[in-house]
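Asker: Pasting a predicted model and its sequence here:
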Amino acid sequence: MTDLAASPAQHTPSTASPIDWRPEDAVAWLDGGGRFAQTTSELLDGISKALVQAGAPLIRTRFSFQTLHPLIRLITVKWWLGRGATHEIGAAHGLEAKPKFVGSPLEAVFTQNRVFRRKLEQLDPASDHRILFDIRDQGGTDYLAAPIHFAGPEKGMFAIVSDASEGFTDAQIAGFEKLCERIAPVLEALIQRHIAETLLETYIGRRSGKQVLRGLVKRGDAEQITAAFWYSDFRDFTRLTETRPIIEVLDTVNRYFEIAWEEAKPRGGEVINLIGDALLMIFPVSGETSPDDACRAALETARAALKKAADDSRLRFGVGLHFGEAIYGNIGAPDRLDFTVMGAAVNRAARLESLTKEIGEPILASAAFMEHIDEAACAYGRHAVKGLAEPMEIFAPAAVKHEAPGA
């Protein structure tokens, strides 16, 4: 796999002798502070420096490991002498069919579950992967990679590159395998935390996932938040499900959710619930985000999402926007919980969305929301809303393309 960072402009070969070091000498670092590493980058940086301190003539090292993520299949972390470890670099699903994987040391380690070693002085263009040529051009003389065996189904690899003319000895290769065995439980713990964070973010949202990892796991663990609330609902969903193949229905609804999330995420939005074909999001107020900022972000998201969806006649939806407070946290049965928001603010956003069909506007907002939007809006007066004792004052923000009434 090709490095994403440039190699040093000049390389000075190491003067260390291959017989002066043992991979096992780095175990002391693992048994000490290494087992408390907080990230895979920190772990790779520490173990690489420990090897160099033990006398290893290394110029680069690498971790690669599989993960559970809807978009990423493989994560790689790389280290260079004098530069430290990079952040985690993700590779998408389907990597196994790409040229950068096929025939590479990574494929050999993952598919054959064996140590891969290649002296780099006399590479063969017909059989050796291009990554080995890249490493040789960066000053490498010997490449060594070994599998890291985990208790779970994920696979891992640790690779090191020497710049000593003699390369690695047989004893060092055997010691490197033993070192990988000691690294495995520490790296696996970090991977499992990474997977937990990914799954929580994917299934309950970034903000909610962090709250759960922070310890808010009991029923009733909650806080009051102030936010702009978005509630949207897909148009003609029943007709779509009755008249179109289920695969097309899924693709269409997924596209609707995708468009909304693509616009909300960079603006600080958080998906709280996917309720069938409805979507509940919040744009929270925080130390960095004022009420005006939160409401502006929600409105810009709605406008951008509707504009992006305009090219597909099936992607029609209404959006209700409200600003207020709600309870944010765990609700449900003792052992079956949902991390969500509830309260009058959520209900008002949902009621506003339902009025978009009646009034014929794709976006409707409350007076509380429009107080934080410094622009003109079309006032639709006060409307009686189910569940509310007093009628709501309804506004349609300007510069939004209208739907036909009754759509």
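Answerer: The structure has been received and is ready for your questions. Residues are numbered from 1 along each chain as shown.

Asker: Go ahead and list the helix or strand containing I394.
Answerer: Applying DSSP states H and E as the criterion places I394 in strand 392-397.

Asker: Show me what counts as buried in that strand.
Answerer: Across strand 392-397, burial judged by 16 or more other CB atoms under 10 Å covers M392, I394, F395, A396, P397. No exception for glycine: its C-beta is placed from N, CA and C like everyone else's.

Asker: What of stretch 242-254?
Answerer: Residues V249, T252, V253 are the ones in stretch 242-254 that count as buried (16+ other CB under 10 Å).

Asker: Please apply the same query to stretch 32-44.
Answerer: Result for stretch 32-44 [16+ other CB under 10 Å]: buried residues G34, A37, T40, S41, E42, L43, L44.

Asker: ok so, going back, widest-spaced pair of the buried residues of strand 392-397?
Answerer: Spanning the widest gap among these are M392 and P397, at 15.6 Å by CB to CB.

Asker: Just the ones in helices from the buried residues of stretch 32-44, please.
Answerer: Counting by DSSP state H, the part of the buried residues of stretch 32-44 found in helices is T40, S41, E42, L43, L44.

Asker: Touching, the second one and K78? I think so.
Answerer: No - counting by CB atoms under 8 Å, S41 sits too far from K78 to count as a contact (9.2 Å).

Asker: Mutual contacts of these two, please.
Answerer: When contacts are counted by CB atoms under 8 Å, 6 or more residues apart in numbering, S41 and K78 have A85, T86 as shared neighbours.

Asker: For the stretch 1-150 of the chain, which segments count as strands?
Answerer: All strands of the stretch 1-150 of the chain, identified by DSSP state E, counting those that start in this stretch, fall at 58-66, 72-80, 84-85, 89-92, 116-119, 142-149.

Asker: Same check on the stretch 201-350 of the chain?
Answerer: 222-234, 270-275, 278-284, 317-333, 336-342.

Asker: Figure out how far the last one is from the centre of its chain.
Answerer: Just to be clear, that refers to strand 336-342. A distance of 22 Å separates the centroid of the chain from that of strand 336-342, by CA atoms, centre = their mean, to the nearest Å.

Asker: now for that strand, which elements pack on it?
Answerer: helix 206-213, strand 222-234, strand 270-275, strand 278-284, strand 317-333 (3 or more CB pairs under 8 Å, 6 or more residues apart in numbering; DSSP states H and E).

Asker: now swap in the fourth one and tell me
Answerer: Other helices and strands packing on strand 317-333, by 3+ CB pairs under 8 Å, 6+ apart, are strand 222-234, helix 291-309, strand 336-342, helix 344-359, strand 363-366, helix 367-370.

Asker: just the ones you listed: most buried one?
Answerer: Mean neighbour count (mean count of other CB atoms under 10 Å) peaks for strand 363-366 among the helices and strands packed on strand 317-333, with a mean of 27.

Asker: average model confidence for that one?
Answerer: For strand 363-366, mean pLDDT is 96.

Asker: returning to what we had before: list the neighbours of the strand holding I394 that are in contact with it.
Answerer: Outside strand 392-397, the residues that reach it (CB under 8 Å, 6+ apart) are 299, 303, 348, 351-352, 355, 359, 361, 363-367, 369-370, 373, 375, 377-383, 385.

Asker: Many thanks, I have nothing further to ask.
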